[in-house]
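Asker: When you get a sec, could you give me coordinates for this:
(2 chains)
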Amino acid sequence: MIEVKNVTKRYGSFTAVDNISFTVKDGEVIGFLGPNGAGKSTTMNMITGFIEPSEGSVMINGNDISKKAKKAKRQIGYMPENVPLYSELTVKEFVKYMAELKRMPRKQRKEDIEKVLKETGLEEVQNKLIRNLSRGYKQRVSLAGALIGNPEVLILDEPTVGLDPKQIIEIRNLIKELGKNHTVILSTHILPEVSPICERVIIINKGKIVAIDTPEHLEERTKEENVILLTVEDKEEHMGNVKEKLSRVKEIKMIKDNEDGTKQYMITSDAEVDLRKDLFDILPKQNITIFELKKAEATLEDAFIRLINAREEIEKATENIQSEKQDKIKDKEEKKKAKEKEKEEKKKQKAENKKERGEK
Amino acid sequence: MWAIAKKELKTYFLSPIGYIFIGIFLLMCSIFFYLDVVQYGSTNFEYMFYSAATVLTFIIPILTMRMFAEERKTGTEQLLFTSPRSITSIVCGKLLGAAMIVLITEALTSIYYIILMCFGTPHITTALITLLGYFLLAMTYISFGMFASSLTENQIIAGVITIAFFIVTWFMPNFIEATLDFSFINVFSNTFPTGSVTLSSLVLLISTPILFTILTILVLQRKKSVK
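Answerer: Modelled structure (predicted):
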């Protein structure tokens, strides 16, 4: 179990990570999402004890990373960003050195090294110099270095960056496999990576946690309307009548006129309304043949961008208000606007608070 | 500590650094062996070490400049400092690795001793005392070089700082006579090769490496909280 409590990291006046707290349960795979410069790596470096937090504490299975460093660090396998490796060593030498660094008992070492090399698919290149390996293999070597010593907690900082699609799938499957008997924290800014692997997602932006939830919930939470994509053959041009028949439809928009005489429409309704059944009933009556009908899924990408933008808007509004307070000469109209903004912001915040409470 | 020292030693010989260090050292020693010993027709093994001590100024940075600077540049320090090893044991391991290189080179100088044995009877005690002093001097230099390397991620800067420091301590007494007892190379030359060991020279050449080792540890600990 990893407990991160009120961790803050400041560099001078710049706050890289601002008072974040979360727990990762045993055997859980958690995704750490955020745009570049959000504080992902800084947080990971603090969890692994590479840098010291300005405030707060990190506990690994009950051991404080800065007070009981040796005990805590022994339970962590860390794969840093940009895969730093000793390029002058061979793959096997590197893994052996990592095993020694982690104080593995000599007897166990040999067996474990072979096991890890097998798991990461490095057996064939084990006697090659790391310097001569391709990026994908280097990534695996780094992962092997994290895995050796059988740590309970794995911390992987952007493990699939710079890989080709095939390698990405391989590494992803490997992580999925590892998630079965390890606690994993995985950072990434590639969203599709998170949904299939992670049980929970932490979205972080500008050093603050924006949301912690399952990928599915996050997708649903940010959905404001239901979108259905419909491809039909409509020889008699009856599609215009459909909107009148279905009162719950918000909008019907043609998005594509295919060469084979079919047309694709986008039909939107409120989030709680599902129009699919109604469409199946009504369209044949209008002599419209359905070729394809599907619900457009809200992606994690939408959720991510929406959550981050919402937070940024709130911040901008707060900043505006603060600067106006300092500047007394500004006319009253602007103050009114600010107040309006403040109100809006409060509403938003309340909504957010409710959501957060909901999560808890 | 041993794991790190072993890896350091291995790295010295996987890269050209170890060979360059030993090669330059032996080349210089051979020159001084000819100039200071053979030309005088003496069997005093220790004479060549007066000049050989000055060589340390230029070759020790080869060993030390990469110690922490390289790890920081390539990011491998993340592996090192997130492993269940204390900073103290990491620093001591690195120091030990470099110390072993020095011991290897000193062992190689026995060639000169053997050559002298063919022509006369060189003093074994003086030779051993000289080697001890030479080792302590090298450790003093290495500890400072390591300290310089912990300050920066640029190896060249670390190397230049190190050479500058050695040169300053070397020529310091020429400007201020009172500093003679703190000039490492002079302290070495004035005692060990003459076959005598003074307490003050031992204290200087043992306490300085300890001081810089502690400073290195402090620098690395501090880096952890400001990084």
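Asker: Are stretch B:2-14 and chain A in contact anywhere?
Answerer: Yes: legend: contact between stretch B:2-14 and chain A by Cβ under 8 Å from any Cβ of the partner chain is shown at B:3-4, B:6-7, B:10-11, B:14. C-betas here are computed from N, CA, C, even on glycine.
Asker: again with stretch B:92-110
Answerer: No: applying Cβ under 8 Å from any Cβ, one finds stretch B:92-110 separated from chain A by no less than 9.9 Å.
Asker: Alpha carbons of that stretch, as CSV, please.
Answerer: The C-alpha trace of stretch B:92-110 is given here as CSV (Å, rounded to 0.1, in the frame of the first residue of the first chain):
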residue,chain,number,x,y,z
CYS,B,92,32.3,5.3,0.0
GLY,B,93,31.7,2.7,-2.7
LYS,B,94,32.8,5.1,-5.4
LEU,B,95,35.8,6.3,-3.4
LEU,B,96,36.8,2.7,-2.9
GLY,B,97,36.5,1.9,-6.6
ALA,B,98,39.0,4.7,-7.4
ALA,B,99,41.2,3.7,-4.5
MET,B,100,41.5,0.2,-6.0
ILE,B,101,42.7,1.7,-9.3
VAL,B,102,45.4,3.6,-7.4
LEU,B,103,46.4,0.4,-5.6
ILE,B,104,46.7,-1.4,-8.9
THR,B,105,49.0,1.3,-10.3
GLU,B,106,51.1,1.2,-7.2
ALA,B,107,51.4,-2.5,-7.5
LEU,B,108,52.6,-2.1,-11.0
THR,B,109,55.5,0.2,-9.9
SER,B,110,57.0,-2.9,-8.3
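Asker: Does the residue nearest the centre of chain B lie in a helix or a strand, and which?
Answerer: Among the residues of chain B, residue B:138 comes closest to the average C-alpha position under Cα atoms, centre = their mean, at 2.5 Å. In the assignment (DSSP states H and E), residue B:138 maps to helix B:124-151.
Asker: Then residue B:159?
Answerer: Assigned by DSSP H and E, residue B:159 belongs to helix B:155-175.
Asker: And for residue B:93?
Answerer: Per DSSP H and E, residue B:93 falls inside helix B:87-108.
Asker: Not counting sequence-adjacent ones, nearest residue to the closest residue to chain A within chain B?
Answerer: Residue nearest to chain A within chain B (Cβ to the nearest Cβ): residue B:75, separated by 3.2 Å. The shortest distance from residue B:75 to any non-neighbouring residue, by Cβ to Cβ, 6 or more residues apart in numbering or on different chains, is to residue A:84 (3.2 Å).
Asker: Which ones among the residues of stretch B:2-14 next to chain A map onto strands?
Answerer: Among the residues of stretch B:2-14 next to chain A, no residue falls in strands (DSSP state E).
Asker: What is the burial count for the residue nearest to residue B:195 when sequence neighbours are not counted?
Answerer: Using Cβ to Cβ, 6+ apart and skipping the chain neighbours, the partner closest in space to residue B:195 is residue B:126 (3.8 Å). Residues lying near residue B:126 (other Cβ atoms under 10 Å in any protein chain shown) number 17.
Asker: one step back: for the residues of stretch B:2-14 next to chain A, give me CSV that also has neighbour count.
Answerer: Below are these laid out as CSV (neighbours: other Cβ atoms under 10 Å in any protein chain shown):
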residue, neighbour count
B:3, 19
B:4, 23
B:6, 16
B:7, 23
B:10, 17
B:11, 18
B:14, 17
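Asker: Show me which of the residues you listed is closest to residue A:316.
Answerer: Nearest to residue A:316 out of those is residue B:4 (Cβ to Cβ; 49.6 Å).
Asker: The helix or strand hosting residue B:206 packs against which elements?
Answerer: Assigned by DSSP H and E, residue B:206 belongs to helix B:199-226. Packing partners of helix B:199-226 (3 or more Cβ pairs under 8 Å, 6 or more residues apart in numbering or on different chains; DSSP states H and E): helix B:87-108, helix B:124-151, helix B:184-191.
Asker: In a markdown table, list the ones you listed along with mean pLDDT.
Answerer: A markdown table is the format used below for the helices and strands packed on helix B:199-226 (pLDDT from 0 to 100):
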| stretch | mean pLDDT |
| --- | --- |
| helix B:87-108 | 95 |
| helix B:124-151 | 95 |
| helix B:184-191 | 91 |
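Asker: Just the pLDDT at residue A:327, thanks.
Answerer: At residue A:327, the pLDDT value in this model is 66.
Asker: again, but for residue B:200
Answerer: 92.
Asker: Count the residues that sit near the closest residue to it other than its chain neighbours.
Answerer: Once flanking residues are discounted, residue B:200 sits nearest to residue B:181: 6.4 Å by Cβ to Cβ, 6+ apart. Neighbours of residue B:181 under the rule other Cβ under 10 Å: 13.
Asker: these two touch, right, residue B:181 and residue B:198?
Answerer: No: at 9.9 Å, residue B:181 does not count as touching residue B:198 under the criterion of Cβ atoms under 8 Å.
Asker: who touches the residue nearest to residue A:183 when sequence neighbours are not counted in this structure?
Answerer: Nearest residue to residue A:183, sequence neighbours excluded (Cβ to Cβ, 6+ apart): residue A:153, at 4.8 Å. Taking Cβ atoms under 8 Å, 6 or more residues apart in numbering or on different chains, we find residue A:153 in contact with A:2, A:60-61, A:75-77, A:182-185.
Asker: Distance-wise, check residue A:153 relative to residue B:179.
Answerer: Distance, residue A:153 to residue B:179, using Cβ to Cβ, to the nearest Å: 53 Å.
Asker: List of residues touching the helix or strand hosting residue A:174?
Answerer: For residue A:174, the host element (DSSP H and E) is helix A:165-179. With Cβ under 8 Å, 6+ apart as the contact definition, helix A:165-179 has outside contacts at A:27, A:29, A:119-121, A:136, A:139-140, A:143, A:147, A:154, A:156, A:159-160, A:163, A:184, A:186, A:193, A:196-197.
Asker: and with 6 Å instead?
Answerer: Helix A:165-179 is contacted from outside by A:29, A:136, A:159-160, A:197, using Cβ atoms under 6 Å, 6 or more residues apart in numbering or on different chains.
Asker: Nothing else from me, thank you.
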